[in-house]
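S.K.: quick one: sequence plus predicted model below, questions after.
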Amino acid sequence: MKLIGFLSFLALPLTFAASNDGKSKLVSLAASGNGVIRLDASTFDLLTSPSRDWSASIHFTALDKRRRCVPCKEFDPAWNDVAKAWATVPVEHRDSHFFATLDFDEAPTVFQKLNLASAPVVWVYSPTEGSRASAKNAPSKYDFSNGFEAEPLAFHLSNHTPIPIPYKAPIDWLRWITFISGLLGFALILRFIAPVLQSRWTWAVITILTSLTMTGGFMFTRIRGSPYTGSDGSWIAGGYQNQFGQEVQVVALIYGTLAFSVVMLTMIVPYQTSPARQRLQVYLWSGVLMLVYSVLVTLFRVKNRGYPFKLLL
Amino acid sequence: MSTAFPLPTNISPTTVANTASLLRIVAFGLISGAAIASRLFAVINFESIIHEFDPWFNYRATRVLAAKGFYEFWNWFDPTAWYPLGRVVGGTVYPGLMATSGVIYNFLHYFNLPVDIRNICVLLAPGFSALTAWATYMFTAEMKDPSAGLLAAAFIGIVPGYISRSVAGSYDNEAIAIFLLMITFYLWIKALKLGSALFGALAAIFYFYMVAAWGGYAFITNMIPVHALVLLIMGRFSGRLYVAYCSWYAIGTLSSMQVPFVGFQPVRTSEHMGALGVFGLLQIVAFASLVRSHVSSKQFQNLLAISVVTMGVLGAGAFVVMTYKGWIAPWTGRFYSLWDTGYAKKYIPIIASVSEHQPTAWPSFFMDLQLLIFLFPAGVVMCFRELRDEHVFVIIYAVVASYFAGVMVRLMLTLTPVVCVSAAVALSTLLDTYVEAREPDVPEERTEASGNSVADGKKTKKAGAATAGSQAGSSAAAAASSTISDFVSATKSNANSRQKGIWGADARLVIILNAIGMLVFFVFHCTWVTSNAYSSPSVVLASTNPDGSQHIIDDYREAYYWLRQNTPQDAVVMSWWDYGYQIAGMADRVTLVDNNTWNNTHIATVGKAMSSPEEVAYPILRKHDVDYVLVIFGGLLGYSGDDINKFLWMVRIAQGVWPDEIQEPNYFTPQGEYRVDDRASETMRNSLMYKMSYYRFSELYGGGNAVDRVRNQQIPKVGPTLDYLEEAFTTENWIVRIYKVRKEDSLGRDLKTANAFAQGKKRKRGKPVSRRRAIV
């Protein structure tokens, strides 16, 4: 009994040494890779070894051109920025969480082992030993619906790091310069465009265009990120609560035409100086009104199949 | 002077004026009748019943108010909601709606008319719609004239965009809020026009009523200052503006702070800072203009200008500093998400999850507003032509409301009034022009030109005949380009300098018949939409039998009455928050969460229980004293608004609080699909929600294929088993399923083991017996 106790006591520094050895290797790898460890199959096993007092977030990706993974390329800079930000924290915290990247072409076996079929994927392994040890062995996954940008990534990964990741979005100088130069430019030409700005019809055009695009469902396509047309080239989205980008233009144009013909009938036609010309315009615009309205109702019937009414068409 | 049709000559102007006034009253009576009648589809098709979700709470609160009086209502603490926290109802409610019903109730009872409080609640919204029509009439009459006002009143009376929130039984804050919105705006315009402190004070009083009635009062709080600010920028500052704004702001703000739910928000939050800032700005501008009128020295005037600008900048800086320091609360999430549309989905999923907070696709606009939606821009153009102070208001309202309506379906309600007003202005101008009997004289010097244009017209006619329809567009374009110069001259030159009018009766007839045709179509459209889309109580569902007769599906009430009759009075029922108010209102049982979503963590707790496996959920249920769990299941009937379809939001909201334990991707198949059949993910199939929904579902089909009719997927033959809950009640069409939470085993065993023992299952040998784990 005593002997066993003694042996285990002896073995303790050994295990420590082994773990320390692995850890120092990881630390040096991270330092050389600008905060990110480039993994292969063996270092992956080291990083995710079952007894570890560190946590690790691993980014599985496929950056090679042949893989044609567009989101991977999109996500990679954000990942590196967050890892770089983590490299700036004090050493005692920094060395208890590692950022690593595993490319498919460097270790396809790992992808097979983990049953990964898509990239990019971010998994976070929590430590199994030490003060932050968690009982859960399965890694947790970063949810990409939060966004591909660095900011949400840093925010969500901070749940797993000992201290929050001190990520700050870099100042977008270009944007500021454009903004300020735009402002200055505006101030300079203000004198020349002042008559335009003071004209009520400039504002009328702006107002009408805004309300037409809004009532055409522009905000829907912005918020839902609907495509301009369908994948099969159709431009009318099926379903009543859905629409494509092109529908905004078509519908706004229809509304605009209808409103324009009403405006013509009330504001222009009565000021005509000859009866014949006036009559022609009255018939013309009434025809436009009826025809375009029928088109609109037909379009609506396509969207809402149960709609019972129709006009000329 | 020639006329297009004969006019009677022997009528005195007084008779004409009197007849017009009588006709207006008659027309207005008919409009009110139509507005009320078209909202009664729900009562006729179903019964006099409170609809949907929120109205059930309002109804319950009104009953308390009617039974116990206002004082008791004000101090009402409701221990049965948000168990075990409870809810201070008096301080967390907009009491305007309940107070209105309470006043009507007491008024009728004073005259010994024993009307049931439920009927008052059901019929309040239709009644107020007639008042809304009147307020809209007054508002539009200020914009143009009473005839446009009548058109606007008729539009708002039957337009589906407003009916959707005000059918009989839809006893919600919006029912009275739109009337208050329109009357406040009307009084503001009136105050501004007259420079009258009386109308300003009246506007403030109705503003106070609005604040007491609806959270959307922030719309008024910002619309009026923006209008004042734009008038300032346009150089239209006047004593009238100063008097109107200051009287409205001072009285309105002080009185709005008397509502306990609002309290000190008007001086502490960003939503209200615009109004305060404009108030300050007006003082500075008024002071400057006063001083300027009294001193003449050039230097002093320069000094004054500089000091005014400095004061403005300092004031704006003070706002920034105070916001930064936290003295002024930043925008609340609900309002902020209107600007940054991605915000809610990321940080407050509970707001993003509500169906009426989704963005609006164009068919909804057309469905709700029909022909008004394209008359609306035309009306805005006509406002620009005159551009009096009140027209500026309509223009700002049009832009702001169309943006908001695009962002949230629910805010279609604020767009509807301005669309009605603006469309009425457009249509009434059109009709005015073409009904007018006088014909202009044919100008002598222009006869040659007109002869030319006749020839032109003939030419285009021939061309049109030759190549049929395809040419019509180009000839229209040609006509348009030739008329653009006319347009510019018409708008620039004084309207009186050129003769205005229509020749001939046929041109008049075309336009008027066209307009009448469109209006008739509008009425048919509104009737159809109202009766089909907006008159369902959603507590009672309807379907059609094969022979065309109506079949009523009454599962909700069946379940709620079962709870009421068969469970102890203090039983705690857990359900998703959508059904909280209904359970409290109809079953009168204690609920964990309800539609007043004030405590996100509590809702996330329910979400976690629903989306966890039974073993994890059970301790949560026991800790919250839950006796019954209620789920909505539409798989048998094909009812798509059920809990499985809402399930992902429960997962998301739970994930927001426990990101380690609940993770959305785990509920999808590896291919990223949301499935409930045998390919569903392990986490999905073990979740409490899945188990409760599909428990014994396949047995219903005997040996056949059990198909979920909402998701069109086949449910595995061997369904889920339940150890910690037992089925208590399932309604006729399986829409509501109620489960009883079992108490701990009396022998101290794990409930799973106890169940296995009771079913006579032998323990497997070879495998070590699992020790009972203490329930954490």
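M.R.: On my side now, so go ahead. Just so you know, these numbers come straight off a predicted model, no measurement behind them. Residues are numbered from 1 along each chain as shown, chains lettered A, B, ... in the order given.

S.K.: could you use CA atoms for every contact and neighbour count after this?
M.R.: Will do.

S.K.: give me the residue from the stretch 501-650 of chain B nearest chain A.
M.R.: Using C-alpha to the nearest C-alpha, the closest approach of the stretch 501-650 of chain B to chain A is made by B:Gly501 at 4.8 Å.

S.K.: and for the closest residue to that residue other than its chain neighbours, the neighbour number?
M.R.: Using C-alpha to C-alpha, 6 or more residues apart in numbering or on different chains and skipping the chain neighbours, the partner closest in space to B:Gly501 is A:Pro270 (4.8 Å). Neighbour count for A:Pro270, taken as other C-alpha atoms under 10 Å in any protein chain shown: 23.

S.K.: any idea how far B:Ala288 is from A:Pro270?
M.R.: 46 Å (C-alpha to C-alpha, to the nearest Å).

S.K.: next: B:Pro260.
M.R.: In this view, B:Pro260 and B:Ala288 are 38 Å apart by C-alpha to C-alpha.

S.K.: A:Phe155 now?
M.R.: Using C-alpha to C-alpha, A:Phe155 is found at 50 Å from B:Ala288.

S.K.: need the contact list for B:Ser147.
M.R.: Shown in contact with B:Ser147 (C-alpha atoms under 8 Å, 6 or more residues apart in numbering or on different chains): B:141, B:428.

S.K.: mind telling me what element it is part of?
M.R.: Per DSSP states H and E: B:Ser147 is located in helix B:146-158.

S.K.: am I right that B:Leu281 is in a helix?
M.R.: Yes - assessed with DSSP: H, G, I helix; E, B strand; the rest coil, B:Leu281 lies in a helix.

S.K.: number of residues surrounding B:Phe365?
M.R.: Neighbour count for B:Phe365, taken as other C-alpha under 10 Å: 23.

S.K.: tell me the domain boundaries of chain B?
M.R.: Domain assignment for chain B, taken from automatic domain parsing, gives B:179-330, B:555-743.

S.K.: now the ones you listed as a markdown table including mean pLDDT?
M.R.: Formatted as a markdown table, those follow (pLDDT from 0 to 100):
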| stretch | mean pLDDT |
| --- | --- |
| domain B:179-330 | 89 |
| domain B:555-743 | 88 |
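
S.K.: which among these is found nearest to chain A?
M.R.: Taking C-alpha to the nearest C-alpha, domain B:555-743 is the member of the domains of chain B nearest to chain A, at 7.2 Å.

S.K.: now distance to B:Leu411 and mean neighbour count too, for the domains of chain B, in a markdown table please.
M.R.: Formatted as a markdown table, the domains of chain B follow (distance: least, C-alpha to C-alpha, whole Å; neighbours: other C-alpha atoms under 10 Å in any protein chain shown):
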| stretch | distance to B:Leu411 | mean neighbour count |
| --- | --- | --- |
| domain B:179-330 | 9 | 18 |
| domain B:555-743 | 19 | 19 |
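
S.K.: can I get those in CSV with distance to chain A?
M.R.: Listed next are those as CSV, based on distance: least, C-alpha to the nearest C-alpha, whole Å:
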stretch, distance to chain A
domain B:179-330, 9
domain B:555-743, 7
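
S.K.: can you list the ones you listed in JSON lines and add distance to A:Phe218?
M.R.: Output for the domains of chain B, formatted as JSON lines (distance: least, C-alpha to C-alpha, whole Å):
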{"stretch": "domain B:179-330", "distance to A:Phe218": "22"}
{"stretch": "domain B:555-743", "distance to A:Phe218": "25"}
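
S.K.: and the ones you listed: which comes nearest A:Tyr125?
M.R.: Closest to A:Tyr125 of the domains of chain B, according to C-alpha to C-alpha: domain B:555-743, at 11.6 Å.

S.K.: let's check: the centremost residue of chain B is which one?
M.R.: Residue closest to the average C-alpha location in chain B (C-alpha atoms, centre = their mean): B:Arg410, at 3.4 Å.

S.K.: what of chain A?
M.R.: A:Gly147 (4.7 Å).

S.K.: which phi and psi does that residue have?
M.R.: With angles defined as degrees, to the nearest 10, A:Gly147 sits at phi 130, psi 150.

S.K.: ok, which residues in the stretch 51-200 of chain A are in contact with chain B?
M.R.: Contacts of the stretch 51-200 of chain A with chain B, taken as C-alpha under 8 Å from any C-alpha of the partner chain, map to A:140, A:143, A:146, A:200.
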